[in-house]
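>>> Here's a sequence, model it:
(chains A and B)
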Amino acid sequence: MNRKYSTRALKEAGQGYFFMSPTIFVLLLFILGPIFYAIFLSFHNVRLLGETAFNFVGLANYERVFEDRRAGIALWNTFKYVMIVVPCQTVLAIILAATLNAGMKGEKFFRIVYFLPTLTSSAVLTLIFMWMYNREGLVNFGLDKLGLPTYDFIGDPNVALTAIMVMNIWATAPFFMVIYLAALQDIPDSLYEAAELDGAGPVRKFLSITVPHLRPITSFVVIMGVIGTFQLFDQSYIFSGGSGGPDNSTLTVVLLIYQYAFKSMDTMGYAAAIAFVLAIVILVSTLIQRKLSKEENLY
Amino acid sequence: MEKKWIGTGISLLLAGSILAGCSSDNGGAEGTGDSGGKTTVTLAGWGGNPTEQALLEQTLSDFEEKNPDIDVKLEVIADQYMDVMKTRLIGGEGPDVFYLDAFEAPAMIETGVIEPLDEYVSEDFDLEDFEEPLLDAFKQDGVTYGFPKDYSTLALFYNKTMFEEAGVEVPTTWEELTEVSKELTKDGVYGFGVAPELARQYFVAEALGGEVVVDNRANFGADEVIEALQPVIDQHNVDKTSAQPSEVGASSGGDMFGQQRAAMVLEGNWNIPYLDETFPDLEYGTAEVPTINGEKGTMAYTVAYVMNAASEKKEASWKLIEYLTGKEGMETWTSKGFALPTRKSVAESLGYAEDELRGPLVAGAEYATVWANGTNLPVITNNFNNQFISAFLGDRPLDEALKEAEEQANSEIGE
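Reported below is the predicted structural model:
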């Protein structure tokens, strides 16, 4: 009896796996395979062009990450970027969502307008912003009219990364806004009514009801934000023409990986090692974030 | 049980056809060997402007007429040329013949993916006819791997109207250039538009006897190099009579010059058609690059046709290279002046040496430094550019910046 059941179960499981086989095949080929290959590469000195050669070098590639000054700069730039962009875009997203949910006139229209930046491709967006950031562009024109100092956003290392930050906050906040908007529908009106009876104003209601109830969503938004911002590449690539300049100021970790993988010869293994260091950094920061948000979980 | 295997068969078939669908898109490059007795040679390069493209197609159809058994398939790689080319060569899908910039050449040659061409060369090809420094850029250990298709040097472009208004002469020495810049700088116009990057500053850096690259390692922290580059920094930060394109909102030196935000720039041959098309009303002239310390100097940039060592149609590929870099093909290709011919005889017959605008560019070929030096130049350049810009913007002293960049470059190069 028992044995018969298990063959049946086996058969069923086999059928299940069989139905999944196209997906499993694709996952193995395009996701798991490359990951294991990258791990393999990171322990080797790889030469792909001409005579293909893989020399096992142990942890040498990983040691090199910590000695490489540019890797340090890239990590620091990326870290700065994450620390500024994630909180800003999260706060902006909440505020945008709350105002859209307040029942004002033309809500739908503004919802579309706010969401537009997210629909634009980041490459196009970057090119448009580069025009605006031009020495003679719109941003400097505005700053000048307000009597503020103007900058060479593209050429000056001191402001180039800030320029990318502003651009990215503007572009990603609306995406998270939509997630917040959905979550806002779930907050029961009775809570707001009760608060009103207790004499709470709009600001107090926002801080004491809306924000705490959105906490699980916030932790999701922050985690997604952290993962996304750590992987900053396209904006800084287009902004600097692939160099990470001026003066390494827009050099991000992924851009550095790209440079080592494709621009310089025979450093594919080292690039894979940096990619793993980045993956570990992201993993650790996500775990820390999860730990922090769990302790404060409302539910 | 039966049914199951049928299912497996179907899904395998499906998976197979999906994969086949993927590969058949790219298969054309290598697979189509002989179709109807014709050999198809693929030629890959980056795109130029429409006129340039038409010239190339013209040259290729001339070649096909002369060699009825060879078909040339032109592939234009629009962006990230070297990334695409390296990936395709690794995957064994490389074209038979392709463009290779002198800057990238040494590293590519060293990997062994480029076919040595010496044994193909016949007497008629006339090697002596090539400008020697340009040909040397594609040699390694005395073996030639590519033949330069064209080149450009840098020359001084000056705005005639501004020079007349300021009442100054075209500078012939770097000191004069510095002085003239002071006269020309006013109302948001800079005397001199400068590109703070190694590709443009290499000859300046080496003007006082220093060497940027020694034994394939960075050496630009040497005192002679720093001393030679200091005037470039000082002109920007002390005199404030020069600017880089982004400081005036321009995208390139040519753009800056065309928008009349700089009275002088050092640009190449490519700038002439660009200015004609984009700024047709601009009154400008060209002159040889001002001398530094009494010595003439400029940069030369060149691109060659090279053959893929893994090509299966080497004979036909050589015929194509032979024609394109031969006297006839080169004359067609360079006839409109978008690029300068690397053969002396072609340059003579096209008369560019006497051309008012192109004369100074041609004259530079004799003493130009070719933009290529060993396999590590890309790494060296990246690090130089990164730190040079911070000195250029006055954030830190030049010697400190360059010494640090040199250290970083050499640590990336390793032993």
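
>>> Could I get the contacting residues of B:E315?
Shown in contact with B:E315 (C-beta atoms under 8 Å, 6 or more residues apart in numbering or on different chains): no residues. Placement of C-beta: from N, CA and C, glycine included.

>>> SS state for it?
Counting by DSSP: H, G, I helix; E, B strand; the rest coil, the backbone at B:E315 sits in helix.

>>> cool, A:A275 as well?
Under three-state DSSP, A:A275 falls in the helix class.

>>> need the contact list for it.
A:A38, A:S42, A:I257.

>>> out of the residues you listed, which are inside helices?
Among these, the ones falling in helices (DSSP state H) are A:A38, A:S42, A:I257.

>>> Pick out whichever of those residues sits closest to chain B.
Nearest to chain B, judged by C-beta to the nearest C-beta, of the ones in helices among the contacts of A:A275 is A:I257 at 13.5 Å.

>>> what about that closest one, how many neighbours?
By the criterion of other C-beta atoms under 10 Å in any protein chain shown, A:I257 has 23 neighbours.

>>> Same question for A:L59.
Neighbours of A:L59 under the rule other C-beta under 10 Å: 10.

>>> Could you find the closest non-adjacent residue to it?
Leaving out its chain neighbours, the residue that sits closest to A:L59 by C-beta to C-beta, 6 or more residues apart in numbering or on different chains is A:F43, at 7.4 Å.

>>> for B:L208, helix, strand, or coil?
Following three-state DSSP, B:L208 is assigned to coil.

>>> repeat for B:S251
Classified using three-state DSSP, B:S251 is coil.

>>> Repeat that for the one 5 residues further on.
B:M256 falls in the helix class when you classify it by three-state DSSP.

>>> What's the separation between it and chain A?
As defined by C-beta to the nearest C-beta, to the nearest Å, B:M256 lies at a distance of 11 Å from chain A.

>>> Same question for B:V232.
B:V232 is 16 Å from chain A, by C-beta to the nearest C-beta.

>>> Outline the domain layout of chain A.
Domain assignment for chain A by automatic domain parsing gives A:2-60, A:64-295.

>>> Tell me which of those sits most buried.
domain A:64-295 (a mean of 17; mean count of other C-beta atoms under 10 Å in any protein chain shown).

>>> Need the pLDDT of A:A160.
On the pLDDT scale, A:A160 is placed at 88.

>>> So A:A53 is in contact with A:R47, correct?
Yes: counting by C-beta atoms under 8 Å, A:A53 does reach A:R47; the two are 4.3 Å apart.

>>> Helices of the stretch 101-250 of chain B, start to end?
According to DSSP state H, counting those that start in this stretch, the stretch 101-250 of chain B carries its helices in the segments B:105-111, B:132-136, B:160-166, B:174-184, B:198-205, B:223-234.

>>> In TSV, list these along with mean pLDDT and mean neighbour count.
Converted to TSV, these look like this (pLDDT from 0 to 100; neighbours: other C-beta atoms under 10 Å in any protein chain shown):
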stretch	mean pLDDT	mean neighbour count
helix B:105-111	89	21
helix B:132-136	88	19
helix B:160-166	92	15
helix B:174-184	92	19
helix B:198-205	94	22
helix B:223-234	94	19
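
>>> So, low pLDDT: which residues of the chain?
Defaulting to chain A. A:1-5, A:294-299 (pLDDT under 70).

>>> that's the other chain; I wanted chain B
Along chain B, segments meeting pLDDT under 70 span B:1-36, B:415.

>>> Chain A contacts on that one?
Contacts of chain B with chain A, taken as C-beta under 8 Å from any C-beta of the partner chain, map to B:4, B:7-8, B:11, B:14-15, B:83, B:86-87, B:89-90, B:107-108, B:110-113, B:244, B:246-249, B:375, B:378-379, B:382, B:385-387, B:389-390, B:393, B:395, B:408, B:411-412.

>>> Now do the phi/psi pair for whichever residue of the stretch 151-299 of chain A sits closest to chain B.
In the stretch 151-299 of chain A, the residue found nearest to chain B is A:G155; the distance is 3.5 Å by C-beta to the nearest C-beta. Phi and psi for A:G155, reported as degrees, to the nearest 10, are phi -100, psi -10.

>>> Got the domain ranges for chain B?
Split by automatic domain parsing, chain B gives B:37-151+B:301-369, B:154-300+B:373-413.

>>> chain center to the longest one, what's the gap?
When C-alpha coordinates are averaged (C-alpha atoms, centre = their mean, to the nearest Å), domain B:154-300+B:373-413 and its chain have centres 17 Å apart.

>>> what do you get for the shortest one?
The chain centre lies 12 Å from the centre of domain B:37-151+B:301-369; the measure is C-alpha atoms, centre = their mean.

>>> Can you get me the start-to-end distance on it?
Here the two ends of domain B:37-151+B:301-369 are set 45 Å apart, with distance taken as C-alpha to C-alpha, to the nearest Å.

>>> Kindly report the same for stretch B:302-315.
Stretch B:302-315 has an end-to-end distance of 25 Å (C-alpha to C-alpha).

>>> ditto for stretch B:78-94
End-to-end distance for stretch B:78-94, by C-alpha to C-alpha: 16 Å.

>>> mind listing what's buried in it?
B:Y81, B:M82, B:V84, B:M85, B:K86, B:R88, B:L89, B:I90, B:E93, B:G94 (16 or more other C-beta atoms under 10 Å in any protein chain shown).

>>> Give me the residue at the spatial middle of chain A.
Chain A has A:G228 as the residue nearest its centroid, 0.9 Å off, counting by C-alpha atoms, centre = their mean.

>>> my guess is that residue meets A:T172, correct?
Yes: A:G228 is in contact with A:T172 according to C-beta under 8 Å; the separation is 7.0 Å.

>>> Quick one: residues in contact with stretch A:51-69.
A:41-47, A:71, A:269-270, A:272-274, A:276-277, B:90, B:111-112, B:408, B:411-412.

>>> Can you list phi and psi of B:D126 for me?
Dihedral pair for B:D126: phi 60, psi 70, per degrees, to the nearest 10.

>>> just the helices in the stretch 51-200 of chain A please.
For the stretch 51-200 of chain A, applying DSSP H, counting those that start in this stretch gives helices covering A:60-67, A:69-100, A:107-119, A:122-133, A:138-145, A:157-184, A:189-197.

>>> between those helices, which gets nearest to B:V362?
Nearest of these to B:V362, taken as C-beta to C-beta: helix A:122-133 at 35.9 Å.

>>> out of everything not next to it in sequence, what's closest to A:A261?
Residue nearest to A:A261 in three dimensions, not counting chain neighbours: A:A271, with 3.8 Å by C-beta to C-beta, 6+ apart.

>>> just checking, that neighbour is part of a helix?
Yes: applying three-state DSSP, one finds A:A271 inside a helix.

>>> got a list of what it touches?
Contacts of A:A271 (C-beta under 8 Å, 6+ apart): A:I257, A:Y258, A:Y260, A:A261.

>>> how near is the first one to A:N45?
Between A:I257 and A:N45 the computed distance is 16 Å (C-beta to C-beta, to the nearest Å).

>>> Could you do the third one as well?
Here the criterion is C-beta to C-beta. By it, A:Y260 lies 12 Å from A:N45.

>>> distance of the nearest residue to B:G167 once chain neighbours are set aside from B:I292?
Nearest residue to B:G167, sequence neighbours excluded (C-beta to C-beta, 6+ apart): B:E183, at 7.9 Å. To B:I292, B:E183 is 20 Å away according to C-beta to C-beta.

>>> How far off centre is stretch A:159-179?
On C-alpha atoms, centre = their mean, the centre of stretch A:159-179 falls 10 Å from the chain's centre.

>>> scratch that, stretch A:280-295 is what I was asking about
Put simply, stretch A:280-295 sits 15 Å off its chain's centre (C-alpha atoms, centre = their mean).

>>> just to revisit the earlier point, what sits against the residue nearest to B:G167?
Residues near B:E183 by C-beta under 8 Å, 6+ apart: B:A166, B:G167, B:V168, B:G191.
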